[in-house]
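Engineer: here is a sequence together with a model predicted from it:
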Amino acid sequence: MQNLRTLISTAPMAPPFLIVAIDGGAAAGKSTTARALSARFNLLHVDTGSYYRAITAELLRLGVAVDDAVAISSTAASLTLGTRVDGRRARIEIAGREIEETELRGPAVNAAVSHFAAVPAVRAALLAYQRDQARIAREHGFAGLVMEGRDIGTAIFPDADFRFFLHADPEERARRRAAEGQQDSIAERDRIDSTRKASPLQCPPGATGLDSTHLSLDEVVTRVSAPIAARLGAAA
Ligand code: DC
């Protein structure tokens, strides 16, 4: 008994499975930050914006109109969602099909995604699926997951180990999107995302807010990494 106790007390503690939530408006720096955290701490990177984009592309492909709430709800509820782990990134499949990145980031999806994302049935179709990404991360041997979106710290993982909310001035965010060569009406999407009834974009209570307007993305990553590294006992 004595030996067993000694063994247990001296055995190295398994590091906890870590959940990091990053929310914020379009082009606030979420993806760059999430990718960097994923690489540094061995976390599965889940970009939930790409999930809403994939559902949007599928609804558009099926001819569902952005203002047809009945068709949106019934079609969204009927979709079969799967996940492919691609390196450190989780990618959504709809009925076994993955949608090309160029289509996900194209003007048709940019213009429609906030309208579809405001429909409760679309959010409901993704709720359990998003939470289940933690199981997938564990199964693939990741130390945790970093999930970015609009409602991760408020609705998907309100008990996440770390919750961050990134923001930046609209002009700076528009400049970042233009530098990526994207046509995207960020201000309009943010307006729809933050005023919808179902899980609006907002800083989760108790989350760490960070204004990235005057910071380089490297500086954002450094600031967000520090408390995680401290918790894990790694060098910041
Ligand atoms: O992060 P993004 O710009 O690719 O997201 C595209 C849209 O998806 C965004 O305008 C609103 C919606 N979205 C959402 O409603 N909830 C999330 N958790 C992530 C994205």
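Structural biologist: Looks like it arrived, so ask away. Numbers count the residues shown, from 1 in each chain.
Engineer: beta partners for the residue positioned nearest the centre of the chain?
Structural biologist: Most central in the chain under CA atoms, centre = their mean is Glu148, positioned 2.2 Å from the mean C-alpha point. Beta bridges link Glu148 to Ile22, Asp47, judged by DSSP bridges.
Engineer: surely Thr172 is in contact with Thr213?
Structural biologist: Just so we're on the same page, residue 172 is Glu rather than Thr. Yes: counting by CB atoms under 8 Å, Glu172 touches Thr213, with 4.9 Å between them. C-betas here are computed from N, CA, C, even on glycine.
Engineer: quick one: which of those two has more around it?
Structural biologist: Higher neighbour count among Glu172 and Thr213: Glu172, with 17 against 13, using other CB atoms under 10 Å.
Engineer: and the more buried one, what element?
Structural biologist: helix 170-179 (DSSP states H and E).
Engineer: what does that helix rub up against?
Structural biologist: Gly25, Ala26, Ala27, Ala28, Gly29, Ala168, Asp184, Ile186, Ala187, Asp190, Ser212, Thr213 (CB atoms under 8 Å, 6 or more residues apart in numbering).
Engineer: how about the residues of this structure by the ligand?
Structural biologist: Counting by CB under 6 Å from any ligand atom, the positions of the chain adjacent to the ligand are 26, 48-49, 52-53, 113-114, 117, 149-152, 189, 193.
Engineer: switch to 8 Å and redo it
Structural biologist: Counting by CB under 8 Å from any ligand atom, the chain comes close to the ligand at 23, 26-27, 30-31, 47-53, 56, 104-105, 113-114, 117-118, 123, 126, 130, 148-152, 156, 184, 189-190, 192-193, 196, 199, 201.
Engineer: pLDDT on stretch 93-107, on average?
Structural biologist: Confidence for stretch 93-107, expressed as mean pLDDT, is 95.
Engineer: convert it to PDB, retaining C-alpha atoms only.
Structural biologist: Written as PDB, here are the backbone C-alpha positions of stretch 93-107 (Å, rounded to 0.1, in the frame of the first residue of the first chain):
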ATOM      1  CA  GLU A  93     -17.300  17.400 -44.700                       C
ATOM      2  CA  ILE A  94     -20.900  17.600 -45.700                       C
ATOM      3  CA  ALA A  95     -22.300  14.200 -46.900                       C
ATOM      4  CA  GLY A  96     -18.600  13.100 -47.200                       C
ATOM      5  CA  ARG A  97     -17.700  16.100 -49.400                       C
ATOM      6  CA  GLU A  98     -15.200  18.800 -48.500                       C
ATOM      7  CA  ILE A  99     -15.800  22.200 -50.000                       C
ATOM      8  CA  GLU A 100     -12.800  24.000 -51.600                       C
ATOM      9  CA  GLU A 101     -11.300  26.900 -49.700                       C
ATOM     10  CA  THR A 102     -11.700  29.200 -52.700                       C
ATOM     11  CA  GLU A 103     -15.500  28.600 -52.600                       C
ATOM     12  CA  LEU A 104     -15.600  29.000 -48.800                       C
ATOM     13  CA  ARG A 105     -13.900  32.400 -49.100                       C
ATOM     14  CA  GLY A 106     -15.600  33.600 -52.300                       C
ATOM     15  CA  PRO A 107     -18.000  36.500 -52.700                       C
END
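Engineer: I'm done for today, thanks for sticking with me.
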